[in-house]
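In: My questions are about this predicted structure, shown below with the sequence.
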Amino acid sequence: MEILESPPALSGALGGAWSLRPLHASSFCDTWEASQGTLRLFVKSAPRAGAGQLRAEADGLRALAATGCIRVPQVHALTDLAGGGAALAMEWLDFRAPDARFGARFGEAMAALHAHPCPLEPAGFGWRGDNCIGGTPQRNTPLQPASWGGWLQFWGRSRLCPMRDRLPASASALREAVDAVIERMPDLFSDGYQPRPALIHGDLWQGNWDMLADGTPVIFDPAVSCSDPEAEIAMMELFGSPPAGFRAAYEAAGGRWPSPQRMKLYQLYHLLNHVVLFGGGYAVQALQVARALA
Ligand SMILES: Nc1ncnc2c1ncn2[C@@H]1O[C@H](COP(=O)(O)OP(=O)(O)OP(=O)(O)O)[C@@H](O)[C@H]1O
């Protein structure tokens, strides 16, 4: 992606006199290191098309920070840019390679987040606004009651169905398999598990967590919602895996690992998203998972 915002314009939008160093461009935004004296910020800027995604990211970071359970970059400013764009400035964080005890600290922090009371009022599944998963819009229309039945409806209506509808026309077998999974969903809870809504990061692949110099785990680039926490673990297990020691600490602190069937159910959503975004071999993998569940 080309750099869309000129450094002087962005510096002005952030309050002036910032020295800006371009870092990289993702599918929807540019990233910058902004410095002013000893103050450093990590800044994302996006044109109109990506501005909503940045606003949702800021909202998600603030919601995660408000739980007090896990470290996220603090939002410094969310600013409008000319032409309907937006810039999200957050504190600059220096990461280190995870140490031997990192997984345990991370597992404890995630268990605390998943045990934290659902911030939606009244409690339910979804979120106060839609956001994006990767570059794909994610529907979060809140759904009460916060019961097992409510969760099944939410995962069907707001997760699997919208993603199924975005599949390419050529993916008719996959669409049918997804429909069969939706029908079968109640059977995947025959162990009596009753999910309750908790705030989850929502997109916790290996590229969205790291460690600070003092050992503190940090999560960033969220796609939050109030969901079954098992869905978070399933995502962590899909692309890469949680660090050594995570699972033992997570379970010791009261977190629950998904059953093999629900692991697949929740991973299917992200695999479908990868078919939508990248196509190719993800369609084969998604079809295998869907057929194994249906
Ligand atoms: N607050 C921060 N301070 C310093 N570096 C950061 C910060 N947040 C993220 N980074 C670095 O920038 C990289 C990209 O961040 P992030 O995932 O939020 O951006 P993105 O544009 O959505 O990227 P991608 O498209 O790769 O997901 C991260 O992998 C991390 O190394």
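Out: Ah, there it is.
In: Contacts only, for residue 64.
Out: For residue 64, the contacting residues are 70, 72, 113, 199, 201, 219, 222, 224, by CB atoms under 8 Å, 6 or more residues apart in numbering. C-beta coordinates here come from the backbone N, C-alpha and C atoms, glycine included.
In: Next step: these restricted to strands.
Out: 199, 219 (DSSP state E).
In: Any residues of the stretch 51-200 of the chain in contact with the ligand? List them.
Out: Applying CB under 6 Å from any ligand atom, we find that the stretch 51-200 of the chain lies next to the ligand at 73, 90, 91, 92, 93.
In: Select only the buried ones of these in PyMOL?
Out: Filtering those down to the buried ones (16 or more other CB atoms under 10 Å) takes a single PyMOL command:
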select buried, resi 73+90+93
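In: Of the residues of the stretch 51-200 of the chain next to the ligand, which is the nearest to residue 254?
Out: Looking at these and their distance to residue 254, the nearest is residue 73, at 26.5 Å (CB to CB).
In: Turn the contacts of residue 64 into a markdown table, including pLDDT.
Out: Formatted as a markdown table, those follow (pLDDT from 0 to 100):
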| residue | pLDDT |
| --- | --- |
| 70 | 98 |
| 72 | 98 |
| 113 | 98 |
| 199 | 98 |
| 201 | 98 |
| 219 | 98 |
| 222 | 98 |
| 224 | 98 |
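In: Going by residue numbers, what spans are strands in this protein?
Out: Going by DSSP E, the chain shows strands at 19-25, 30-36, 39-46, 75-80, 86-91, 95-96, 131-133, 136-138, 198-200, 209-212, 217-219, 225-227.
In: Show me the one of those strands that comes nearest residue 183.
Out: Among the strands of the chain, the nearest to residue 183 by CB to CB is strand 225-227 (20.8 Å).
In: can you list contacts of that closest one?
Out: 118-120, 123-127, 131, 138, 140, 142, 151, 154, 195, 197-200, 202.
In: Repeat that for stretch 272-289.
Out: The contact list for stretch 272-289, computed with CB under 8 Å, 6+ apart, reads 133-136, 160, 163-164, 166-168, 171, 173-174, 177-178, 264, 267-268, 271.
In: Tell me which of the residues you listed fall in helices.
Out: Those of the contacts of stretch 272-289 mapping onto helices are 163, 164, 166, 173, 174, 177, 178, 264, 267, 268, 271, per DSSP state H.
In: Give me the pLDDT for the residue lying closest to the second one once chain neighbours are set aside.
Out: When you say that, I think you mean residue 164. Using CB to CB, 6 or more residues apart in numbering and skipping the chain neighbours, the partner closest in space to residue 164 is residue 178 (4.5 Å). You'll see residue 178 listed with a pLDDT of 98.
In: ok, now which ones touch residue 178?
Out: Counted by CB under 8 Å, 6+ apart, residue 178 has contacts 160, 163, 164, 268, 272, 290.
In: mind checking how far the first one is from the ligand?
Out: Meaning residue 160. Look at residue 160 and the ligand: by CB to the nearest ligand atom, to the nearest Å, they are 23 Å apart.
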